[in-house]
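Asks: with the input below, show me the fold.
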Amino acid sequence: MFKWLGNKRLIILMAGVIFFVALMGFTFGGRGAMSWPEGLLKDTVTFVQGWLNKPARAVAGFFEDVRRISVLYEENRQMKLTLTQYAKDTARLNDLEAQNNRLKDALGFTERQQQSNKYRYRIAEVYASSPDPLNSTIVINLGEKDGIKANMAVMSVEGLIGRIVDVSPFYSNVQLITDLDSSSTKALAVTVKGKDNASFGILEGYDRDKGLLVMNKIPKTDNLTAGDVIITSGVGQLFPRGIEIGEVVSRDEGEFGITHTALIKPFASFNHLREVFVIEVPEL
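Replies: Reported below is the predicted structural model:
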């Protein structure tokens, strides 16, 4: 109670002083100079006013800083959102551009292939693939409803990749040629492009360390050489004739010296398959 009265008296006193100084300024405003009591009083009042204004200016400055920080924070947040959206749009655009280029390649591929043979090429997307390098199987988004059957050959734009082994109504499993072995169900009869009647061999293995297919049972008199292009021969009717597989890297004598062995670099990249083609051979 007394403290409040004391503060009230101080406020009344200061208001009176300010009023008195203002009155003196109005009364003696026309004089050129102040007397020393007037100057002292004016300086005192000015000092008190400055002392009282400091907290007010500090508070005002604090709230102004808070406002500026809030504005900067919002601008920074909006900028981050814009950059994030830009990155997403750029990634989406790049993906669409890459897909468009792949589809253009696919269209050009089917047109070129249909000029060289009478096969029908059904484009499919790779739906799933195993990260296990020993599991040489992929899943495509074509199935029985699309007329897909077991043992149909499958290739990419680059070359042969495998054959259909399991079919469901909407999907099919493709066994890659990297899973070849000497069993009759997996071995692949091949020949050399341009030397169809002079060269013959069997693809029945894959060197995972080198990333090369193994071609065996090559006759010693066969004129197969490095750089030759290996294609399917059509023998056994498991794969249609004339599908490119890869290029001969080297040729060596076989284990018992009766036949020769060659290493083939496949044209297809098995680690980045996106779109593939199921080959339909017209019935005779």
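
Asks: quick one: secondary structure of the nearest residue to Leu142 once chain neighbours are set aside?
Replies: Spatially, and ignoring its direct neighbours in sequence, Leu142 is nearest to Ala124 (4.4 Å; C-beta to C-beta, 6 or more residues apart in numbering). C-betas here are computed from N, CA, C, even on glycine. Secondary structure, DSSP: H, G, I helix; E, B strand; the rest coil: Ala124 is strand.

Asks: what pLDDT does Ala124 get?
Replies: Listed pLDDT for Ala124 reads 92.

Asks: OK, contacts around Pro266?
Replies: Gly159, Leu160, Ile177, Thr178, Gly211, Leu212, Leu213, Ile245, Gly246 (C-beta atoms under 8 Å, 6 or more residues apart in numbering).

Asks: pLDDT weak spots in the stretch 1-150 of the chain?
Replies: 1-63, 93, 95-116, 131-135 (pLDDT under 70).

Asks: re earlier: wait, which of the contacts of Pro266 is closest to Thr259?
Replies: Taking C-beta to C-beta as the measure, Leu213 is the one of those closest to Thr259, at 16.3 Å.

Asks: any idea which element the closest one lies in?
Replies: Counting by DSSP states H and E, the element that carries Leu213 is strand 212-219.

Asks: SS state for Glu158?
Replies: Of the three states, Glu158 takes coil under three-state DSSP.

Asks: correct me, but Lys195 touches Ile230?
Replies: No - using C-beta atoms under 8 Å, Lys195 makes no contact with Ile230, being 10.3 Å away.

Asks: the two - which one has more neighbours?
Replies: Neighbours of Lys195 and Ile230, each counted by other C-beta atoms under 10 Å, are more numerous for Ile230; the result is 29 against 16.

Asks: which residues does that one bridge with?
Replies: Using DSSP bridges, the beta-bridge partners of Ile230 come out as Val192, Gly246.

Asks: how about the strand holding Leu213: buried residues?
Replies: The neighbour-count check on strand 212-219 (16 or more other C-beta atoms under 10 Å) flags Leu212, Leu213, Val214, Met215, Asn216, Lys217, Ile218 as buried.

Asks: hang on, the earlier thing: closest to Ile202 among the contacts of Pro266?
Replies: Nearest to Ile202 out of the contacts of Pro266 is Leu213 (C-beta to C-beta; 10.8 Å).

Asks: quick one: that closest one from Arg92, how far?
Replies: Remark: distance between Leu213 and Arg92 (C-beta to C-beta, to the nearest Å) = 37 Å.

Asks: what does Glu244 give?
Replies: Glu244 is 34 Å from Arg92, by C-beta to C-beta.

Asks: who has more neighbours, those two?
Replies: Under the criterion of other C-beta under 10 Å, the comparison of Glu244 against Arg92 puts Glu244 first, with 17 against 10.

Asks: so that one touches Ile264, yeah?
Replies: No - Glu244 is beyond contact range of Ile264, at 11.0 Å (criterion: C-beta under 8 Å).

Asks: anything in contact with each of the two?
Replies: Contacts common to Glu244 and Ile264, judged by C-beta under 8 Å, 6+ apart, are Ile230.

Asks: break the protein down into its domains, please.
Replies: Per automatic domain parsing, the structural domains of the chain span 1-21+36-116, 120-280.

Asks: can you name the residues in contact with stretch 211-229?
Replies: For stretch 211-229, using C-beta under 8 Å, 6+ apart, the contacting residues are 177-178, 180, 182, 190, 192-195, 198-207, 230, 244-251, 254, 258-266.

Asks: and that stretch, C-alpha only, in CSV?
Replies: Provided in CSV are the C-alpha atoms of stretch 211-229 (Å, rounded to 0.1, in the frame of the first residue of the first chain):
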residue,chain,number,x,y,z
GLY,A,211,30.6,-62.2,-65.8
LEU,A,212,31.0,-64.5,-68.9
LEU,A,213,28.9,-67.3,-70.3
VAL,A,214,30.6,-70.6,-71.0
MET,A,215,30.2,-72.2,-74.4
ASN,A,216,31.2,-75.9,-74.6
LYS,A,217,31.2,-78.7,-77.2
ILE,A,218,32.8,-76.6,-79.9
PRO,A,219,34.2,-78.9,-82.6
LYS,A,220,38.0,-78.6,-83.0
THR,A,221,37.5,-77.8,-86.7
ASP,A,222,35.0,-75.0,-86.0
ASN,A,223,36.3,-71.6,-87.2
LEU,A,224,34.8,-69.7,-84.3
THR,A,225,37.1,-66.8,-83.3
ALA,A,226,37.1,-63.9,-80.8
GLY,A,227,34.7,-61.2,-81.8
ASP,A,228,32.1,-63.5,-83.4
VAL,A,229,28.5,-62.8,-82.4
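
Asks: thanks a lot, see you next time.
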